[in-house]
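*Asks:* Predicted structure and sequence below. I'll ask about it afterward.
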Amino acid sequence: MDLKPGSRWRSAVCDTEVITVRAPSAPVSLACGGAEMVAHGAETPAGAALDPDMAGGTQLGKRYADDAGTLELLCTKGGAGTLTLDGIKLPLKEAKPLPSSD
(Lines give C-alpha, C1' and ligand atoms only; values in the text may rest on other atoms or scores of the structure.)
Protein backbone atom coordinates (compact mmCIF):
# COMPACT_ATOMS: atom_id res chain seq x y z
CA MET A 1 0.00 0.00 0.00
CA ASP A 2 1.26 3.44 -0.90
CA LEU A 3 0.67 5.83 2.01
CA LYS A 4 0.62 9.59 1.49
CA PRO A 5 0.35 12.36 4.12
CA GLY A 6 -3.30 13.29 4.61
CA SER A 7 -4.68 9.96 3.35
CA ARG A 8 -7.44 8.38 5.43
CA TRP A 9 -7.59 4.67 6.29
CA ARG A 10 -10.00 2.48 8.21
CA SER A 11 -9.84 -0.98 9.67
CA ALA A 12 -11.58 -3.87 7.94
CA VAL A 13 -12.31 -5.61 11.27
CA CYS A 14 -13.07 -2.87 13.85
CA ASP A 15 -14.03 0.82 14.15
CA THR A 16 -10.46 2.20 13.96
CA GLU A 17 -9.87 5.09 11.53
CA VAL A 18 -6.58 6.96 11.03
CA ILE A 19 -5.08 9.81 9.02
CA THR A 20 -1.50 9.58 7.76
CA VAL A 21 0.61 12.41 9.21
CA ARG A 22 4.03 11.21 7.99
CA ALA A 23 4.44 8.48 5.38
CA PRO A 24 7.39 6.30 4.34
CA SER A 25 8.72 6.68 0.79
CA ALA A 26 8.45 2.94 0.03
CA PRO A 27 5.20 0.93 -0.10
CA VAL A 28 4.34 -0.77 3.21
CA SER A 29 1.70 -3.02 4.71
CA LEU A 30 -0.53 -1.18 7.21
CA ALA A 31 -2.91 -3.38 9.17
CA CYS A 32 -5.25 -3.15 12.14
CA GLY A 33 -6.55 -6.10 14.13
CA GLY A 34 -4.64 -8.52 11.89
CA ALA A 35 -6.27 -7.39 8.62
CA GLU A 36 -5.01 -4.97 5.97
CA MET A 37 -6.50 -1.48 6.33
CA VAL A 38 -8.63 -0.09 3.50
CA ALA A 39 -8.89 3.44 2.13
CA HIS A 40 -11.66 5.51 3.69
CA GLY A 41 -14.77 5.06 1.55
CA ALA A 42 -13.62 1.76 0.02
CA GLU A 43 -15.53 -1.48 0.52
CA THR A 44 -14.52 -3.76 3.40
CA PRO A 45 -13.39 -7.23 2.26
CA ALA A 46 -15.85 -9.99 3.14
CA GLY A 47 -14.89 -12.54 5.77
CA ALA A 48 -12.37 -10.35 7.63
CA ALA A 49 -12.30 -11.01 11.39
CA LEU A 50 -10.45 -9.47 14.33
CA ASP A 51 -7.38 -11.49 15.35
CA PRO A 52 -7.49 -11.95 19.18
CA ASP A 53 -3.69 -11.49 19.34
CA MET A 54 -4.06 -8.09 17.64
CA ALA A 55 -6.90 -6.75 19.80
CA GLY A 56 -4.96 -4.24 21.92
CA GLY A 57 -7.09 -1.32 20.79
CA THR A 58 -6.47 2.20 19.49
CA GLN A 59 -7.26 5.47 21.23
CA LEU A 60 -9.03 8.47 19.72
CA GLY A 61 -6.76 11.50 19.26
CA LYS A 62 -3.52 9.61 19.90
CA ARG A 63 -0.60 9.37 17.49
CA TYR A 64 1.07 6.11 16.58
CA ALA A 65 4.57 6.01 15.03
CA ASP A 66 7.21 3.48 14.13
CA ASP A 67 10.59 3.50 15.90
CA ALA A 68 12.42 4.73 12.77
CA GLY A 69 10.17 7.80 12.54
CA THR A 70 9.13 7.10 8.94
CA LEU A 71 5.41 6.64 9.68
CA GLU A 72 3.09 8.61 11.93
CA LEU A 73 -0.68 8.09 12.16
CA LEU A 74 -3.35 10.12 13.97
CA CYS A 75 -6.26 8.06 15.27
CA THR A 76 -9.55 9.77 14.36
CA LYS A 77 -11.79 6.96 15.62
CA GLY A 78 -10.78 4.42 18.25
CA GLY A 79 -11.38 0.71 17.94
CA ALA A 80 -10.50 -2.75 19.21
CA GLY A 81 -7.64 -3.57 16.79
CA THR A 82 -3.90 -3.02 17.15
CA LEU A 83 -2.13 -1.04 14.41
CA THR A 84 0.81 -2.79 12.70
CA LEU A 85 3.32 -1.76 10.05
CA ASP A 86 4.76 -4.68 8.06
CA GLY A 87 3.69 -7.02 10.88
CA ILE A 88 5.29 -4.97 13.71
CA LYS A 89 3.00 -3.34 16.30
CA LEU A 90 2.98 0.46 16.19
CA PRO A 91 3.55 1.99 19.62
CA LEU A 92 1.85 5.11 20.93
CA LYS A 93 3.99 8.16 20.13
CA GLU A 94 5.50 9.60 23.29
CA ALA A 95 5.33 13.32 24.00
CA LYS A 96 8.62 15.18 23.79
CA PRO A 97 9.78 16.50 27.16
CA LEU A 98 9.80 20.27 27.40
CA PRO A 99 13.03 22.01 28.39
CA SER A 100 13.20 23.19 31.97
CA SER A 101 12.59 26.89 32.59
CA ASP A 102 15.35 27.17 35.19
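*Replies:* Yes, it's here. This is a predicted model, so every value here is computed, not measured.

*Asks:* got the contact list for I19?
*Replies:* I19 sits next to G6, S7, R8, W9, L73, L74, T76 when contact means C-beta atoms under 8 Å, 6 or more residues apart in numbering. Every residue, glycine included, has its C-beta placed from N, CA and C.

*Asks:* Next, the fifth one: phi, psi?
*Replies:* When read as degrees, to the nearest 10, the backbone of L73 gives phi -120, psi 140.

*Asks:* Now do it, the pLDDT please.
*Replies:* Note on L73: pLDDT of 97.

*Asks:* From V13, how far out is the spatially most central residue of the chain?
*Replies:* Closest to where the C-alpha atoms of the chain average out (C-alpha atoms, centre = their mean) is L83, at 4.5 Å. Noted for L83: a distance of 12 Å to V13, by C-beta to C-beta, to the nearest Å.

*Asks:* and what of M54?
*Replies:* Remark: distance between M54 and V13 (C-beta to C-beta) = 9 Å.

*Asks:* Please identify which of the two sits among more neighbours.
*Replies:* Shown here are M54 and V13; by other C-beta atoms under 10 Å, V13 has more neighbours (23 against 20).

*Asks:* Sounds good, over and out.
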